[in-house]
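Engineer: Build me a model:
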Amino acid sequence: MIVAAVSIGAGAPQAAAAVSCPSGVESDFNGDGIRDLVIADPEAAVGSQADAGEITVVYGGGKGSLRINQDSPGIPGAAERGDQFGFELAVYDEDQDGCSDVAVGLPYEDIDVRDTAGNVTVVPDAGMIQIIHGSTAGLGAGAGVTEYWQGEGRPLGGVAETGDYVGYAMAAGQTSAGVPFLVAGFPGEDVGTYQDAGGAAYIHGVSRAVAGFNQDTTAGGDVPGGAEQDDRFGASVAASPNHFAVGMPGEALGTYTFAGAAAVFSHTVVNGQPKPLFGMGQDQDDVSEYEETGDVFATALAMAPYRPSGATSTTESLLAVGIPGEDNGGVRDTGAVQIFRITATGTFTELNWISQVTPDVLGTDEAGDRFGHELSAINTSPNTVSTGSTVRLAIGVPGENSGSGATDAGAVSIVPMVGAPGASDSWIAPGPDTPIADQEDRYMGQSLAATPSHLHVGIPYGPAASRGIEKYAWNTPGGTPADRLLPGTNGLAANGKALGAKIR
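Structural biologist: Sure, this is the predicted structure:
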């Protein structure tokens, strides 16, 4: 259905809604019981402001769409050049009213800092997060926007500094105890004298309690590692109802710079901080392969709830770690993914190493493929014993060359998270078997979003006619998408610059 986008604000027409927001329906911004979709174009121009960014909500059931940017009524601030509103997205019910809310990351937002004399200093790229609330009248028509940024007396505390990039990575949801949470990374945070050591915030509960932490934090237990220059802790995050993980792809392991590592936490809060469980990197005996300069382990993370055979509840998690800089057989930056099982007691076991040289896994291992640059995981049946057909992982391969030789056309590999990865995998790539032109610089696989029924693949670059969002069934081999959202349809901008760079 082709619909016209409307501006947010009082008096604006909104999507048809139910009387009250139902509980238990994810990504339902207007409370009608139907899943909705939010799509970002962080490079969209707003008026004369290049790369200001905007998001579009496409309501399920053909009930219209809504386009939002920082010039929309009710959204604090103003659209400015380079803000990249929508660079990152997360969806959860922050205020527990039954309607989903959208957390919008603006890591390139400049923050005004006022001193005691009233003088204002502009801090470039300090970053912030805006949470736009759902309601029965549509997204943004209910409670006011909640904002998080750094500075004295501000929600995240600390100090706003140039290049902190608050909101660069986010993951959100509800814990197994029913507590709403948001994990936000700011990988440019300086810790002491260490530049770009990185930091993160855990925002939880309807009271919106904030716990800021980094690799030198000890209040809730020692966060793995120690703050060092260029660790970039918070460059990636992932979460399930049972655990969450924070990536530090710049972590040096011994003399190997940018080898990368990750830290895993419980949602249990101890002394105001989330409880750290363990760190992991390829320098450990229980992690296969070995550390190398430029592996950038944990560039991407994805997590899903997991119930092993014999268990009567879902208290564990599966964690996928993307290693796009991994060299396989001496071939540079081919990439790989490792999958780990995380138990309720806080231990981990490696389940799988996956690359394009893994037996029966589709695709060909080539230099610069960057297999694992982006990840998205789902458990389609979290209340039953997990199987290879219910826990699925989409792996972005943005550097893949097409069958016709188009450089960096990109691709997506879909594999089971348990069992043999090549037993039920599928492959999606531009080419004659799909409606996606296999021209160079498509970078398919840079944008992925999982729902219980489908995988959404964003294709924000390349020829305008075939940009947009492709929707695929999880257990159907790649080829013809189940649906397509193209520029100029469903309320999406006809001239989007990077439409679909993020989807939730």
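Engineer: okay, CA-based contacts and neighbour counts for the rest of this
Structural biologist: Fine.
Engineer: Roughly how far does Thr293 sit from Gly335?
Structural biologist: Thr293 sits 13 Å away from Gly335, going by C-alpha to C-alpha, to the nearest Å.
Engineer: higher neighbour count, those two?
Structural biologist: Neighbour count, other C-alpha atoms under 10 Å: between Thr293 and Gly335, Gly335 has more, with 30 against 18.
Engineer: Identify the bridge partners of that one.
Structural biologist: Bridge pairing for Gly335 (DSSP bridges) gives the partners Phe371.
Engineer: Can we start the residue count at 18 from this point?
Structural biologist: That works, and once the first residue is 18, the last one we named lands at Gly352.
Engineer: gap between it and Glu391?
Structural biologist: The value you get for Gly352 to Glu391, if C-alpha to C-alpha is used, is 11 Å.
Engineer: what number of residues lie near the closest residue to Thr375 other than its chain neighbours?
Structural biologist: Among residues not flanking Thr375 along the chain, Gly439 sits closest, at 7.5 Å (C-alpha to C-alpha, 6 or more residues apart in numbering). Gly439 is flanked by 17 other residues according to other C-alpha under 10 Å.
Engineer: ok now do Gly237, which residues does it touch?
Structural biologist: 286-293 (C-alpha atoms under 8 Å, 6 or more residues apart in numbering).
Engineer: per-residue pLDDT, the residue nearest to Thr375?
Structural biologist: At Gly439, the pLDDT value in this model is 91.
Engineer: Asn369 too?
Structural biologist: At Asn369, the pLDDT recorded in the model is 95.
Engineer: Mind checking what secondary structure it has?
Structural biologist: strand (DSSP: H, G, I helix; E, B strand; the rest coil).
Engineer: and it, what is it in contact with?
Structural biologist: 355-357, 435, 438.
Engineer: In those residues, find the pair that's most separated.
Structural biologist: Phe357 and Pro438 (13.3 Å; C-alpha to C-alpha).
Engineer: Model confidence for Gly202, exactly?
Structural biologist: 98.
Engineer: actually Thr493, not the one I typed
Structural biologist: pLDDT, read off for Thr493, is 72.
Engineer: Do I have it right that it meets Ser443?
Structural biologist: Yes. Here Thr493 lies in contact with Ser443, judged by C-alpha atoms under 8 Å, at a distance of 7.4 Å.
Engineer: higher neighbour count, these two?
Structural biologist: Ser443 (21 against 16).
Engineer: The more buried one contacts Pro433, doesn't it?
Structural biologist: No. Checked against C-alpha under 8 Å, the pair Ser443 and Pro433 is beyond contact range at 9.8 Å.
Engineer: Extract the CA atoms of the helix or strand where Ser430 lies and return them as PDB.
Structural biologist: When elements are assigned from DSSP states H and E, Ser430 belongs to strand 429-433. Extracted C-alpha coordinates of strand 429-433, given in PDB (Å, rounded to 0.1, in the frame of the first residue of the first chain):
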ATOM      1  CA  VAL A 429      23.900 -12.300   3.500                       C
ATOM      2  CA  SER A 430      24.400 -15.800   4.900                       C
ATOM      3  CA  ILE A 431      21.700 -17.400   7.100                       C
ATOM      4  CA  VAL A 432      22.800 -20.200   9.300                       C
ATOM      5  CA  PRO A 433      21.500 -22.200  12.300                       C
END
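Engineer: pLDDT on it, on average?
Structural biologist: pLDDT averaged over strand 429-433 gives 95.
Engineer: Beyond it, next helix or strand please.
Structural biologist: With secondary structure assigned by DSSP H and E, strand 429-433 is succeeded by strand 443-445.
Engineer: Counting by contacts, list what that following strand packs against.
Structural biologist: strand 429-433 (3 or more C-alpha pairs under 8 Å, 6 or more residues apart in numbering; DSSP states H and E).
Engineer: before we move on, the earlier item: how about CSV for the contacts of Gly237, with neighbour count and secondary structure added?
Structural biologist: As requested, the contacts of Gly237 are exported to CSV (neighbours: other C-alpha atoms under 10 Å; DSSP: H, G, I helix; E, B strand; the rest coil):
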residue, neighbour count, secondary structure
Val286, 15, strand
Val287, 13, strand
Asn288, 12, coil
Gly289, 14, coil
Gln290, 20, strand
Pro291, 25, strand
Lys292, 21, strand
Pro293, 25, strand
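Engineer: Spit out the contact partners of Ile453.
Structural biologist: 446-447, 483.
Engineer: An error on my part: the question was meant for Val162.
Structural biologist: Contacts of Val162 (C-alpha under 8 Å, 6+ apart): 91-93, 147-150.
Engineer: one more time with 10 Å
Structural biologist: 91-93, 118-120, 146-150 (C-alpha atoms under 10 Å, 6 or more residues apart in numbering).
Engineer: how near is it to Ile56?
Structural biologist: Using C-alpha to C-alpha, which is the criterion applied here, Val162 is 18 Å from Ile56.
Engineer: Could you list the low-confidence segments of this protein?
Structural biologist: Within the chain, the segments meeting pLDDT under 70 span 18-36, 40, 494-496.
Engineer: Need the residue in it that's farthest from the chain's center.
Structural biologist: Each residue of the chain has a distance to the centre, and by C-alpha atoms, centre = their mean the biggest one is for Ala134: 39.9 Å.
Engineer: That one in helix, strand or coil?
Structural biologist: Under the three-state scheme (three-state DSSP), Ala134 adopts coil.
Engineer: Repeat that for Ala482.
Structural biologist: Classification of Ala482 by three-state DSSP places it in helix.
Engineer: give the contact list for it.
Structural biologist: When the contact criterion is C-alpha under 10 Å, 6+ apart, the partners of Ala482 are 453-454, 503-505, 511-512.
Engineer: need the helices for the stretch 368-517 of the chain, in chain order.
Structural biologist: Assigned by DSSP state H, counting those that start in this stretch, the stretch 368-517 of the chain shows no helices.
Engineer: hmm, back to that, put together a markdown table for the contacts of Asn369, with neighbour count and distance to Leu516 on each row.
Structural biologist: Formatted as a markdown table, the contacts of Asn369 follow (neighbours: other C-alpha atoms under 10 Å; distance: C-alpha to C-alpha, whole Å):
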| residue | neighbour count | distance to Leu516 |
| --- | --- | --- |
| Gln355 | 23 | 30 |
| Ile356 | 22 | 30 |
| Phe357 | 21 | 32 |
| Val435 | 22 | 33 |
| Pro438 | 23 | 31 |
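Engineer: Of these, which is the nearest to Arg249?
Structural biologist: Distances from Arg249 to these, taken by C-alpha to C-alpha, are shortest for Gln355, at 20.1 Å.
Engineer: correct me, but Gln191 touches Ile220?
Structural biologist: No. Using C-alpha atoms under 10 Å, Gln191 is not in contact with Ile220; the gap is 11.4 Å.
Engineer: Now for those two: what residues contact both?
Structural biologist: 111, 197-199.
Engineer: which one of the residues you listed has the most neighbours?
Structural biologist: Busiest of these [other C-alpha under 10 Å] is Glu111, holding 30 neighbours.
Engineer: can you tell me how far it sits from Ile149?
Structural biologist: With C-alpha to C-alpha as the criterion, Glu111 and Ile149 are 10 Å apart.
Engineer: Name the residues contacting each of these two.
Structural biologist: 117-120, 163.
Engineer: Now do the strands in the stretch 68-217 of the chain.
Structural biologist: 71-75, 82-85, 105-109, 118-123, 128-131, 137-140, 145-149, 163-165, 186-191, 197-203, 216-221 (DSSP state E, counting those that start in this stretch).
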